[in-house]
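Q: Can you look at this prediction? I've put the sequence above it.
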Amino acid sequence: MAGVLGLDTSNYTASAAWFDGTQGDNVGKLLEVPQGALGLRQSEALFQHVKRLPEILSALKETGLPDRLTAIGASTRPREVEGSYMPCFLAGSSQGQGMAQVLSLPFYPCSHQQGHIAAAAWSAGRMDLLDRPHLVWHLSGGTTELLYVQPEGVSVQGTVIGGSSDISAGQLIDRTGKRLGLAFPAGKAVDSLSLQAQKKESFPVKVKERHFSLSGIENKMNALAEQGRAPEEICWYVLQCIIRAVETATRQALAQYPGLPVLCAGGVASNALLRETMTRACQAIFAPPRFSTDNAMGVAVLTWRRQQEEENHD
């Protein structure tokens with residue numbers, strides 16, 4: 001069996017995936033963040049990625065890694081825009097390029113964001129989206145962007161048309177978690193706590209031309225904590241404010257781009273309340289939670305598509 005290998009070394013997850021054109025699998029591992037911290041310095045993240053990649057690749061072999069690799073790909077930067085750079089991606093991209101050189105295989109780079117889009121589309125059973133215009137929410141620890149996505153050959157190119165103008169949804173959730181003494185990353189814990197809330201309050205975030213600010217919600221979250229409000233009520237408040245902003249921006253986007261499918265990618269897209277609201281509002285398409293968080297699956301999918309395109313042109 002032949003297939004391709006994809007690598008992704010994001011800010012907090014090291015991952016590797018294989019894809020054979022139909023099937024695939026991903027193995028990933030979170031980096032270790034000290035208790036009480038809100039992240040890692042890039043030098044430490046890069047160091048941890050370099051240490052983890054060998055064991056991740058070894059674990060990937062156990063998932064059915066194809067006997068014969070025909071190409072290797074890696075995410076080389078956060079987004080497909082001028083000046084997008086983060087040192088942690090050097091771990092996966094240098095490893096991938098080195099392996100490709102030794103094995104005389106083609107190497108295909110892509111951005112972390114493009115990988116998220118492809119992973120969400122493939123795991124949701126909607127690979128057709130990669131060949132047609134659609135809207136994408138990239139909701140993660142570092143990004144809260146609404147994208148108008150168009151095919152670019154066998155890849156995808158997203159143009160930002162909305163989202164947060166300051167902190168990301170993931171940052172707000174993690175800062176809420178830190179305030180409440182939860183482990184980083186705090187997404188799963190905040191999600192779980194919110195479902196236990198008895199008193200449910202939220203605030204309508206102002207959304208103008210698909211853009212909004214979340215820093216005011218952070219200030220309100222801190223005020224609620226100082227008032228001694230229950231952690232589950234604070235979590236509900238924060239998540240509902242994020243969800244209402246995302247839903248409103250989506251409705252505004254669909255007024256401009258009627259009929260386009262809406263795909264939700266990124267770690268925050270695994271939130272249960274967000275999935276329920278967006279499915280009801282616009283039949284939004286979600287990846288399974290496993291492929292919403294950072295992973296290399298989309299990198300492998302795009303690598304396969306790039307190789308197939310080149311072979312078809314030969």
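A: Structure's in. What do you need? Numbering: from 1, shown residues only.
Q: Show the end-to-end separation of stretch 197-216, please.
A: 21 Å (Cα to Cα, to the nearest Å).
Q: buried stuff in it?
A: For stretch 197-216, burial by neighbour count (16 or more other Cβ atoms under 10 Å) applies to A197, V205, V207, R210, H211, F212, S213, L214. C-beta coordinates here come from the backbone N, C-alpha and C atoms, glycine included.
Q: now, among those, which is nearest to T22?
A: Nearest to T22, judged by Cβ to Cβ, of the buried residues of stretch 197-216 is R210 at 35.7 Å.
Q: Enumerate every residue touching the closest one.
A: By Cβ atoms under 8 Å, 6 or more residues apart in numbering, the contact set of R210 is L146, I161, G162, G163, A249, Q252, A253.
Q: can we see that at 7 Å?
A: L146, I161, G162, A249, Q252, A253 (Cβ atoms under 7 Å, 6 or more residues apart in numbering).
Q: Give me the subset of the buried residues of stretch 197-216 lying in helices.
A: Under the assignment DSSP state H, the buried residues of stretch 197-216 contribute nothing to helices.
Q: Could you tell me how many residues sit around E276?
A: Look at E276: counted by other Cβ atoms under 10 Å, it has 11 neighbours.
Q: Once you drop chain neighbours, what's closest to the residue nearest the centre of the chain?
A: Residue closest to the mean C-alpha point of the chain, counted by Cα atoms, centre = their mean, is G266 at 2.4 Å. Closest residue to G266 apart from its sequence neighbours, by Cβ to Cβ, 6 or more residues apart in numbering: S140 at 3.7 Å.
Q: before we move on, what about G141?
A: G170 (3.4 Å).
Q: Contact partners for the closest residue to H49 other than its chain neighbours?
A: Leaving out its chain neighbours, the residue that sits closest to H49 by Cβ to Cβ, 6+ apart is A91, at 3.6 Å. By Cβ under 7 Å, 6+ apart, the contact list for A91 reads T9, L46, H49, V50, L53.
Q: switch to 8 Å and redo it
A: T9, A14, L46, H49, V50, L53.
Q: Give the helix, strand or coil label for L69.
A: What DSSP: H, G, I helix; E, B strand; the rest coil gives for L69 is strand.
Q: so where do the helices sit in the protein?
A: 42-61, 89-103, 112-123, 169-179, 187-194, 215-226, 231-256, 272-282, 289-292, 297-313.
Q: can you pull the alpha-carbon coordinates of the shortest one into CSV?
A: Output of helix 289-292 as CSV, limited to C-alpha atoms (Å, rounded to 0.1, in the frame of the first residue of the first chain):
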residue,chain,number,x,y,z
PRO,A,289,-13.4,16.7,17.9
ARG,A,290,-10.3,14.6,17.3
PHE,A,291,-9.7,16.4,14.0
SER,A,292,-10.8,19.8,15.2
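Q: helices or strands next to that helix in the packing?
A: The contact analysis (3 or more Cβ pairs under 8 Å, 6 or more residues apart in numbering; DSSP states H and E) places helix 289-292 against helix 112-123.
Q: for the helix it packs on, what is the average pLDDT?
A: Throughout helix 112-123, pLDDT has a mean value of 97.
Q: Remind me what it packs against, helices and strands.
A: Checking 3+ Cβ pairs under 8 Å, 6+ apart, helix 112-123 ends up next to strand 2-9, strand 68-77, strand 134-139, strand 155-164, strand 262-265, strand 285-286, helix 289-292, helix 297-313.
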